[in-house]
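>>> pasting the sequence and the predicted coordinates here, then a few questions.
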Amino acid sequence: MNKKLATLLVVISFVNGISAQQMVLKKGTILESLVVNDTLPDTFSLYLPTSFSINKQWPLLMVFDLKGREKKAMSMFVQAAEDEGYILAAPQVREDQSLSINIQKTSQSIKRIVEMLPIQKSRIYVAGAGAGGRFANLTPIFMKEVHGVISIDANITNFELLDVKRPFHFIGILNKKSYNYPDLLDSKRILDRFKFPNQLLIHEEDRLWPDTKLLKKSLRFFTLGAMRKGYVSKDTSFIEQTYAADLVKANQLKGSMKLLRAEQYMGEMMGVYGAYKNLDSLRLVQREVRRNKMFKSMKRTENAAFLKETLLKEDFQYYMEEDLVTHNFNNLGWWNFQYGEINKFIEGANVFERDMGYRLLGYVNALAEDNIDVVESEALVDEDALAFLYMLKTILEPSNFDFYLRIISLSSKNEDFGTALFYLEEALKNGFKDKDALYTLENTALLRIDPRFNKLVLQYLKDARYNIKEQ
């Protein structure tokens, strides 16, 4: 083995039961399928930063993805873990498993990693995005080993379970266009009241995951929190460097007249650096921003958008519940109108209503998908309710062809070929081109030999599999 390769490998000795074992781990790469326990089939993934050595203790960040994409989720944190000196790990938790099983798998993985590696037990944190974030938010409630959460676009679901005697560090990260944004603002106010250390970081990426810089910042905030509690030696140079970078960001937001963001950002800085520095000058700047007439106008406009959003969300929830119970297909026209109104918000000049429009669209989509999950999980599936929801999804996501195919399949199963053909043509009009998917779609054997079906396929895709003449 050459010298360069040797620096990338580490031999870990650990005690398992009554026998000592050794394991060779490669640094700087995601290692998959590491066994949790010799008697269990469960595995986990692991990432050791290239600076890793066994001569000091390391913080651990457990990353969750409930759809089997642990490696992808971990890779989002790799650069941040490299720069900030964190070990990453990901257990095999799944959304089709119970909460208790997923908690047990997480606990067993942490126990195994602590046996293998020099982990600082007071610095074990968790992270996840979406469903993974919602699970991450629950882990410190059930596991005293977890001291902090990075929750990406996921709200805390149950505040009644929080123990004020055992606070954890909560960092929320999301885009203001996310329908979770108002709820996370409420969560922050509750966490402040419970005296839980917390920050809310806003990103502007048009995707679930933020830029690596925000993930790096969140790990830095964990490190600063650990310094405040005495888990890590106070590093004045680190504190000053991090504060200076945040001050530059706050001034940039203020200078670009993003006054609401600037004021909120300064508020987060107070919570992070108040234990280390005199922040009177920062408070003066924040007070100056709050007194600005433009800030006050922006705040009023944003609050008005929040109120309108709350009322519309209540309407959407009420009418969706009513339509599902009554199988009110006639109300699809109303939903189509509401979709148009939401798009008017999105395309409008008012930036706060534009963000509200994105949040409303996300909310209605999430509401429909949650109801689909509920209906499909029932012992006796209400196919009329399911058909309504599939149709609604074609309105809300006209380019998501999965729901066109679902309603075509369900309608064909019930020999409602008129509905199936209507949604076939709608899909083709919107750009659907997967002919193989059409000819292998479940429950459509009779539909596929219908001349009208093949006529539509020939018209839009230029080639039909069957050439059946109409009588």
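Structure received.

>>> C-alpha coordinates for the longest strand along the chain, PDB please?
Longest strand of the chain, by residue count under DSSP state E: strand 119-129. Coordinates of each C-alpha in strand 119-129 appear next as PDB, following Å, rounded to 0.1, in the frame of the first residue of the first chain:
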ATOM      1  CA  ILE A 119     -17.800  10.000  19.100                       C
ATOM      2  CA  GLN A 120     -18.500  12.900  21.500                       C
ATOM      3  CA  LYS A 121     -21.800  11.700  23.000                       C
ATOM      4  CA  SER A 122     -22.900  15.200  23.900                       C
ATOM      5  CA  ARG A 123     -22.700  16.200  20.200                       C
ATOM      6  CA  ILE A 124     -24.900  13.700  18.400                       C
ATOM      7  CA  TYR A 125     -27.300  15.400  16.000                       C
ATOM      8  CA  VAL A 126     -29.800  14.400  13.300                       C
ATOM      9  CA  ALA A 127     -30.900  15.800  10.000                       C
ATOM     10  CA  GLY A 128     -33.400  15.200   7.200                       C
ATOM     11  CA  ALA A 129     -35.400  16.800   4.400                       C
END
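
>>> so which bits of that strand are buried?
By neighbour count, with 16 or more other CB atoms under 10 Å as the criterion, the buried positions of strand 119-129 are 119-120, 123-129. For glycine as for every other residue, the C-beta is placed from the backbone atoms N, C-alpha and C.

>>> each with direction, which strands does that strand pair with?
Sheet pairing of strand 119-129 (DSSP bridges) gives strand 58-64 (parallel), strand 148-152 (parallel).

>>> now render those strands as CSV, adding mean neighbour count.
As requested, the strands paired with strand 119-129 are exported to CSV (neighbours: other CB atoms under 10 Å):
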stretch, mean neighbour count
strand 58-64, 24
strand 148-152, 27
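
>>> tell me the SS of L25?
When classified by DSSP: H, G, I helix; E, B strand; the rest coil, L25 comes out as strand.

>>> show me what contacts the spatially most central residue of the chain?
Geometric centre of the chain, nearest residue: G130, 2.2 Å, by CA atoms, centre = their mean. Each residue near G130 by CB atoms under 8 Å, 6 or more residues apart in numbering is listed here: 152-154, 208.

>>> mind redoing it with 6 Å?
For G130, the contacting residues are D153, by CB atoms under 6 Å, 6 or more residues apart in numbering.

>>> can you pull the pLDDT of it?
pLDDT for G130: 95.

>>> number the chain from 27, please
Yes, from this point I'll number from 27; that puts the last item at G156.

>>> and it, backbone torsions?
Dihedral pair for G156: phi 60, psi -130, per degrees, to the nearest 10.

>>> what's the separation between it and I216?
Separation of G156 from I216 (CB to CB, to the nearest Å) stands at 21 Å.

>>> returning to that earlier point: same list (the strands paired with strand 145-155) but as a markdown table, adding mean pLDDT and distance to I129.
Output for the strands paired with strand 145-155, formatted as a markdown table (pLDDT from 0 to 100; distance: least, CB to CB, whole Å):
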| stretch | mean pLDDT | distance to I129 |
| --- | --- | --- |
| strand 84-90 | 98 | 11 |
| strand 174-178 | 98 | 14 |
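
>>> same list (these) but as CSV, adding distance to I136.
Below are the strands paired with strand 145-155 laid out as CSV (distance: least, CB to CB, whole Å):
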stretch, distance to I136
strand 84-90, 7
strand 174-178, 14
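
>>> and G359, which of those strands is closest to it?
Of all the strands paired with strand 145-155, strand 174-178 sits nearest to G359, with 36.6 Å by CB to CB.

>>> need the residues that contact the closest one.
With CB under 6 Å, 6+ apart as the test, strand 174-178 has contacts from 151-153, 155, 159, 162-163, 194-199, 244, 248.

>>> the helix or strand following that strand pairs with which strands?
Using DSSP states H and E, the helix or strand that follows strand 174-178 in sequence is strand 195-201. Paired strands of strand 195-201, with direction, are strand 174-178 (parallel), strand 224-229 (parallel) (DSSP bridges).

>>> please state the offset of the shortest one from the chain centre?
Right, the one you point to is strand 174-178. Averaging C-alpha positions (CA atoms, centre = their mean, to the nearest Å) puts strand 174-178 10 Å from its chain's average.

>>> and if you look at the last one?
Shown here is strand 224-229, whose average C-alpha point lies 14 Å from the average C-alpha point of the whole chain (CA atoms, centre = their mean).

>>> so after that strand, what's the next helix or strand?
Next helix or strand after strand 224-229 toward the C-terminus (DSSP H and E): helix 238-255.

>>> that following helix packs against which elements?
helix 96-110, strand 195-201, strand 224-229 (3 or more CB pairs under 6 Å, 6 or more residues apart in numbering; DSSP states H and E).

>>> excluding chain neighbours, what is closest to R385?
Y205 (4.4 Å; CB to CB, 6 or more residues apart in numbering).

>>> thought that neighbour was touching L387?
No. Assessed by CB atoms under 6 Å, Y205 is found out of contact with L387, at 8.0 Å.

>>> before we move on, the earlier item: now find how far off-centre the helix or strand that comes right after the longest strand of the chain is within its chain.
With elements assigned by DSSP H and E, the helix or strand that comes after strand 145-155 is helix 157-168. Centre-to-centre, helix 157-168 and its host chain are 12 Å apart (CA atoms, centre = their mean).

>>> kindly report the same for stretch 100-108.
Mean-position distance between stretch 100-108 and its chain equals 16 Å (CA atoms, centre = their mean).

>>> neighbouring contacts of that stretch?
With CB under 6 Å, 6+ apart as the test, stretch 100-108 has contacts from 56, 73, 75, 89, 114, 116, 235, 238, 241-242, 245.

>>> list the buried ones in that stretch?
With burial defined by 16+ other CB under 10 Å, the residues of stretch 100-108 counted as buried are 100, 102-104, 106-108.

>>> CA atoms only: put stretch 423-443 into PDB for me.
In PDB, the C-alpha atoms belonging to stretch 423-443 read as follows (Å, rounded to 0.1, in the frame of the first residue of the first chain):
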ATOM      1  CA  GLU A 423     -50.000  19.200 -11.700                       C
ATOM      2  CA  PRO A 424     -50.900  19.200 -15.400                       C
ATOM      3  CA  SER A 425     -47.400  17.900 -16.300                       C
ATOM      4  CA  ASN A 426     -47.300  15.000 -13.800                       C
ATOM      5  CA  PHE A 427     -48.500  12.200 -16.000                       C
ATOM      6  CA  ASP A 428     -48.600   9.600 -13.300                       C
ATOM      7  CA  PHE A 429     -52.100  10.700 -12.200                       C
ATOM      8  CA  TYR A 430     -53.400  10.700 -15.800                       C
ATOM      9  CA  LEU A 431     -52.300   7.100 -16.000                       C
ATOM     10  CA  ARG A 432     -53.900   6.300 -12.600                       C
ATOM     11  CA  ILE A 433     -57.300   7.700 -13.600                       C
ATOM     12  CA  ILE A 434     -57.100   6.000 -17.000                       C
ATOM     13  CA  SER A 435     -56.400   2.600 -15.300                       C
ATOM     14  CA  LEU A 436     -59.100   3.100 -12.600                       C
ATOM     15  CA  SER A 437     -61.700   4.200 -15.200                       C
ATOM     16  CA  SER A 438     -60.900   1.300 -17.500                       C
ATOM     17  CA  LYS A 439     -61.200  -1.100 -14.600                       C
ATOM     18  CA  ASN A 440     -64.700   0.100 -14.100                       C
ATOM     19  CA  GLU A 441     -65.400   0.100 -17.800                       C
ATOM     20  CA  ASP A 442     -65.800   3.900 -17.900                       C
ATOM     21  CA  PHE A 443     -64.000   4.200 -21.200                       C
END
